[in-house]
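> got a predicted structure plus its sequence, pasted below:
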Amino acid sequence: MLEIRHLRTLSALRSAGSLVRAAQLLNLTQSALSHQIKLLEDRYGGPLFERKSVPIGFTATGSRLLKLADLLLPEIETAEREVARLMQGDSGQLRVALECHTCFDWLMPVMDEFRKRWPEVEIDLVSGFHSEPADLLRSGEADLVIGSPYGPEFATFPLFRFEILTVMAQKHRLAAQRRLQAADFEGETLITYPVPEERIDLIREVLRPAGVGFQRRTAELTVAVLQLVASRRGIAALPNWAIKNYVDYDYVIARPIGEQGLWSDLYVSVPEAQKQRAYVLDFVNVIREQCAAALDGIKLLS
């Protein structure tokens, strides 16, 4: 029997573009997702999509089921939100603070989609640069923070894992290297956001353990960091999505850090009292859905 979860699976496959990313989006193992698809294909007597096409190309059968998904899933999701409003009275405000200021590029489309789903919820960004966003949750000045997990006093929702890359000018002395090791940073000027050093992954995970000495310069805006890098005032370490366009246009170059790369995890944190709010849960889902479809090189967290 065709079930709603099957339609969601096909919709996730189309959005994510691969089995791996679709499984992450659905919080399934890849084997569980493959098993679900096999059962569907056995039921309908043929493949639903082309296994080796990039992006995924759907067969006539798969396309017809996707058409059904496009018809039914929005109605189901709308009904679920309306029931949540009736049961929880879910209207109010969602003030979002950012620890990760490189998130602005993908956050704007997320907020636009959220406003369509929850027009009665006032969503806004907490203005200014905040070195300790968790304090905004404690003081009640923010309802939700995107960044690191802040411990047991808050509820946390996993978003995704991303790679941090070293960014440097085209003719930097390290430009010829395929990847950088800790010792390569010795004596360099590291351009960062004005946050405590323990919140900077490169410093905390790579440079401090290796005893590497470096200089530090700060800038609040990503574009300012990249301008300083391009003008050879120093190097930076930024998420892959934040620098993609600048690298594509040869404004700067990027290199991995360490043999396995330097990776970081992104979370949503909210006060415990807010963790069951339907619009909070849906905001997390919108982030995961939009980022799985739009950001290359990320790994959704379960």
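Arrived safely, thanks for sending.

> just the helices in the stretch 1-150 of the chain please.
4-16, 19-26, 30-44, 60-88, 104-117, 134-139 (DSSP state H, counting those that start in this stretch).

> would you map out the domains in this protein?
4-86, 90-160+264-300, 163-262 (automatic domain parsing).

> can you verify residue 198 is assigned to a helix?
Yes: per DSSP: H, G, I helix; E, B strand; the rest coil, residue 198 lies within a helix segment.

> burial count for the residue nearest to residue 109 when sequence neighbours are not counted?
Excluding the flanking residues, the one nearest residue 109 by Cβ to Cβ, 6 or more residues apart in numbering is residue 290, at 5.9 Å. C-beta here means a position set from N, CA and C on the backbone, and glycine is covered the same way. Residue 290: 19 surrounding residues under other Cβ atoms under 10 Å.

> right, and the helix or strand after the strand or helix carrying residue 290?
Taking DSSP states H and E as the criterion, residue 290 maps to helix 278-294. As assigned by DSSP H and E, the chain's next helix or strand after helix 278-294 is strand 299-300.

> that following strand pairs with which strands, and in what direction?
Looking at strand 299-300 with DSSP bridges, its partner strands are strand 154-168 (antiparallel).

> so for the strand it pairs with, mean pLDDT?
For strand 154-168, mean pLDDT is 96.

> tell me the buried residues in it?
Within strand 154-168, the residues that count as buried by 16 or more other Cβ atoms under 10 Å are 154-160, 162-168.

> for that strand, the distance to its chain's centre please.
7 Å (Cα atoms, centre = their mean, to the nearest Å).

> now do that strand and helix 278-294, the angle between them.
With axes from the mean of the first three to the mean of the last three Cα atoms, to 10 degrees as the basis, strand 154-168 and helix 278-294 are set at 30 degrees to each other.
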